[in-house]
Each structure stands twice: as structure tokens, then as C-alpha cells.
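Peer 1: 3D, please:
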Amino acid sequence: MSDRTVGVGMVGHAFMGRVHSQAWRSVGAFFDLPVTPVMAVLAGRSKERAAAAAARLGWASVVTDWRELVKRDDVQIVDICTPGDSHAEIAIAALAAGKHVICEKPLANTVAEAEAMAEAAAGAPGRSMVAFNYRRVPAVALARRLVADGRLGEIRHVRAVYLQDWIVDPEFPLVWRLQRDRAGSGALGDIGAHIIDTAQFITGQRIVGVSALTETFVKERPLAGESEGLGGSRTEARGPVTVDDAAVFIGRLSGGALASFEATRFATGRKNALRVEVNGSLGSLAFDFEAMNELWVHEQGGDDGGFRRILVTEASHPYAGAWWPPGHGLGYEHTFTHEVKDFLEAIGRGTDPSPSFADGLRVQRVLAAVEQSAADGSRYTHVEETP
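Peer 2: From the prediction side, this is the model:
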């Protein structure tokens, strides 16, 4: 590889692997980058499935052992798109080999794993980032800018929900996302992690304590056939669901604001409703991912007295200027392109990208506090601080 190209090796090729591949393919066509990514190698357990995925997604070669990928001289970036139970092992090995690492969220399945990953990242020559893609929605990035500029004043309330319904059917199979040993937790870690990070990102504050409830509505499901995706073929045998189906918790932010959070995959009719509202002493803002190109803003003293709609597609808005003329909206896949763009820029500058593994660890500590509070009968639980 030349000084201006970086080889990328991606581990995993299911849902997240597909959107990450789209990002690696398109980022250089829309953004001026200090380094150019080359899609060098894809790792998957099945040679046949990995080869088919590589041909479809644009990867130059295939391996069936991620350790081989990490050792390759033509790989400078390792992109981890596997279930959470393998994040720590792959990331720590890649960092030890001097690679840059981008890892899907949540960072790990446990606080101990996340601590080990953050420690490895802190001492490694390579750069590392956890992939909370919703930070890269232009409207969310604009919301962060408004709060940072003081437009909302003192933050007093945060309401965040993430609502899906893809496992409402009790006959939906027992895929890996419903097994604690693979996924770490259920709706809490899968989508709750996103609203935790999004709320902390927009406000610039940490969640310092929580009181929580969790529930598993369907206790047993048909066993899934071999599949890396959300679904999977069904069999007659059944097995226990070992994660939460829904989590609800209140919390307090480090600046004193009160916050409420809900993450569920049982909100019938809701497909991907990540919603955040922030109320401050001078104004409010509201965002809904199902209308991802819009941000609603209220500022005290405005003539209308209510919220106004901002279509976040202007060249002056975060990320939007690289794409289409104003009014031509972006989609889910663009958030990953923005994520990769920011990661490559950090590598090119020699700076640490955000969110870091340390940021991922902070989210992991909130997830752990939610689970502990729920286990203790919703008792208020302090979020452990990173030393």
C-alpha cells in the first residue's frame, strides 16, 4: 500500500457487513480524504458464503479465519461487524498488531471486556472508534451543534426512545440477538445503546445514575437454522430467550437534567423509531429517525411560539454539503459513510476519532447499571465512572 492508501479488512458480512461495505465503497466518491481505503479482504466462517458476499459487496479476497486477516500486511484497518461475543478478542488482537480498528456497537458484551478493549486502545499505535452511526445523521449532528452553541440554554429534560417490532411474532426464531452469550443483552444493548450514546452526544453530558425495568415477553422461541442475519430458518425444537425484550429507565445527567429512556423490539407498528427530545431553559429540539432529514427546534422569543421544522439538507449543515442539492434527502446508509469518513480523516491527521473505545466503555457502564437496577427491583443505581 502507498502512503495515501489504507487496506481494509472486514470481519463479518451480514446486516452490518453490508452497510459497512457500502460505506467503504462510496466514501471516496463524495468526500476528499487524506487517505484512500482499499477493500482488501473479507473474513467469514463459511468460505462459500464469504466468497459470495465478497463478490457482491466488492471485497478483493476472502479468508475464513479473522486471525489471518489481522496478520496481513495489506490490511491497516480492521472493521469488526460480528456479534458482540467476539468484539473484544478481535479488537485487542488487531490493536496489538498495530492496526486501526472500527468496531460495531455496543463495544462489548460486558464491562470487563469493554475495559480490556479501552485499555488496549489507549496503549496502541493504531486509532480506534466504536461505530455509533446515529451520531452521523446530519440532523443529530446539527442538534449537537445547537446545544454546544448554547441555543437551548441549561438542559433540563431528555426523552429518548428506540422502538422496533421485528420480534413481536412469538414464532420468530431464536436468532443470536436473542441469546445472551452471543449478544450480551437484548433490546437494551442492541438499540438502547444507541439512544444512550445519542443522548450523551447531543447534550455533551454523561448519564450518572439510572432506575430501570426490563422484561422478556416471549420466554421461548423456535430454534433458528444457521444464519448470521436477523432471521434464520426455523426448526421444530425450541429454546429459551435469555435477553430482555424491552428496557425502560429514568436517569440523571451529569449537568443535572432528568432523562427517560425506552428501548423495545415489541412496539407493534414501529420499525425504526429512534426519537430524542431535549428541553432547555431557552428552547427545545426534537428528532425522529423515521423522518431523519428533519430537526424540530423551538427557541424562546420566537414569533410562532412553537416548534419550527428545519430540513437538514443545506450545504451549511453537517455532512449534507457533500451529497445532493438542498431538499434531496439522505438515508440510513449515509450515516455509515459519514462514520467511515470521520474515521479516515482521523487516521490521516493522526488524531483520535470519536466516539472512542473509552466512550464505548462509558455506554457499557450505563448498560450494566440498567441491568443491575432492574435486577434490584428498579433501585436507583449509580453509573460507575471510568478511572
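Peer 1: okay, CA-based contacts and neighbour counts for the rest of this
Peer 2: Fine.
Peer 1: which stretches of the protein have low pLDDT?
Peer 2: Scanning the chain for pLDDT under 70 picks out 1-3, 225-235, 302-303, 387.
Peer 1: So which residue is smack in the middle of it?
Peer 2: Centroid-nearest residue in the chain: Phe132, 2.9 Å away (criterion: Cα atoms, centre = their mean).
Peer 1: so what's the backbone phi/psi at that one?
Peer 2: For Phe132, the backbone dihedrals (degrees, to the nearest 10) come out as phi -90, psi 90.
Peer 1: Could you do Ala187 as well?
Peer 2: Torsion angles, degrees, to the nearest 10, at Ala187: phi -60, psi -30.
Peer 1: What separation is there between the nearest residue to the residue nearest to the centre of the chain once chain neighbours are set aside and Glu299?
Peer 2: In this structure, Phe132 finds its nearest non-sequential neighbour in Lys105, 6.2 Å apart by Cα to Cα, 6 or more residues apart in numbering. When distance is defined by Cα to Cα, to the nearest Å, Lys105 is 34 Å away from Glu299.
Peer 1: who's more crowded, those two?
Peer 2: Legend: neighbour count by other Cα atoms under 10 Å for Lys105 and Glu299, higher for Lys105 (26 against 20).
Peer 1: wait, doesn't that one sit right on Tyr134?
Peer 2: No - applying Cα atoms under 8 Å as the test, Lys105 and Tyr134 come out as separate, 11.1 Å apart.
Peer 1: which residues of this structure fall in helices?
Peer 2: Taking DSSP state H, the helices of the chain run over residues 15-30, 47-57, 66-71, 87-96, 111-122, 138-148, 180-183, 187, 193-203, 332-349, 357-375.
Peer 1: Just name the most buried of those helices.
Peer 2: helix 187 (a mean of 27; mean count of other Cα atoms under 10 Å).
Peer 1: Next, the contact list for the residue nearest to the centre of the chain, please.
Peer 2: With contact set as Cα atoms under 8 Å, 6 or more residues apart in numbering, Phe132 has these partners: 104-105, 194, 197, 355.
Peer 1: Mind telling me the two of these farthest from one another?
Peer 2: Pairwise distances among these were taken by Cα to Cα; the largest, 13.1 Å, belongs to Glu104 and Asp197.
Peer 1: quick revisit: which one of the helices of the chain lies closest to Arg308?
Peer 2: Nearest of the helices of the chain (Cα to Cα): helix 138-148, 13.4 Å.
Peer 1: Now do that closest one and helix 193-203, the angle between them.
Peer 2: Inter-element angle recorded for helix 138-148 and helix 193-203: 40 degrees (by axes from the mean of the first three to the mean of the last three Cα atoms, to 10 degrees).
Peer 1: Quick check: which helices or strands does helix 138-148 pack against?
Peer 2: Applying 3 or more Cα pairs under 8 Å, 6 or more residues apart in numbering; DSSP states H and E, one finds that helix 138-148 contacts helix 193-203, strand 283-288, strand 294-299.
Peer 1: got the CA positions of the last one in CSV?
Peer 2: It stands for strand 294-299. In CSV, the C-alpha atoms belonging to strand 294-299 read as follows (Å, rounded to 0.1, in the frame of the first residue of the first chain):
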residue,chain,number,x,y,z
GLU,A,294,-35.8,16.9,9.8
LEU,A,295,-35.0,18.6,13.1
TRP,A,296,-37.6,20.4,15.0
VAL,A,297,-36.4,23.4,17.1
HIS,A,298,-38.2,25.8,19.5
GLU,A,299,-36.4,28.9,20.8
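Peer 1: and that strand, what other elements does it pack with?
Peer 2: By 3+ Cα pairs under 8 Å, 6+ apart, strand 294-299 packs against helix 138-148, strand 283-288, strand 308-311.
Peer 1: Tabulate these (TSV), appending distance to Phe172.
Peer 2: As requested, these are exported to TSV (distance: least, Cα to Cα, whole Å):
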stretch	distance to Phe172
helix 138-148	33
strand 283-288	27
strand 308-311	37
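Peer 1: Nearest spatial neighbour of Val175, chain-adjacent residues omitted?
Peer 2: Val175's closest residue in space is Ala224 (Cα to Cα, 6+ apart), at 5.6 Å.
Peer 1: Now do that neighbour against Ser26, distance only.
Peer 2: Ala224 sits 34 Å away from Ser26, going by Cα to Cα.
Peer 1: and if you look at Ile250?
Peer 2: Ile250 sits 39 Å away from Ser26, going by Cα to Cα.
Peer 1: Repeat that for Gly348.
Peer 2: With Cα to Cα as the criterion, Gly348 and Ser26 are 18 Å apart.
Peer 1: got it, and Glu290?
Peer 2: Taken as Cα to Cα, the span from Glu290 to Ser26 is 23 Å.
Peer 1: and what of Gly184?
Peer 2: Applying Cα to Cα to Gly184 and Ser26 gives a distance of 32 Å.
Peer 1: Okay, domains of the protein per the record?
Peer 2: Annotated domains of the chain cover 5-134, 136-353+363-375 [automatic domain parsing].
Peer 1: Distance to His382 added to these, as TSV?
Peer 2: Listed next are the domains of the chain as TSV, based on distance: least, Cα to Cα, whole Å:
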stretch	distance to His382
domain 5-134	15
domain 136-353+363-375	4
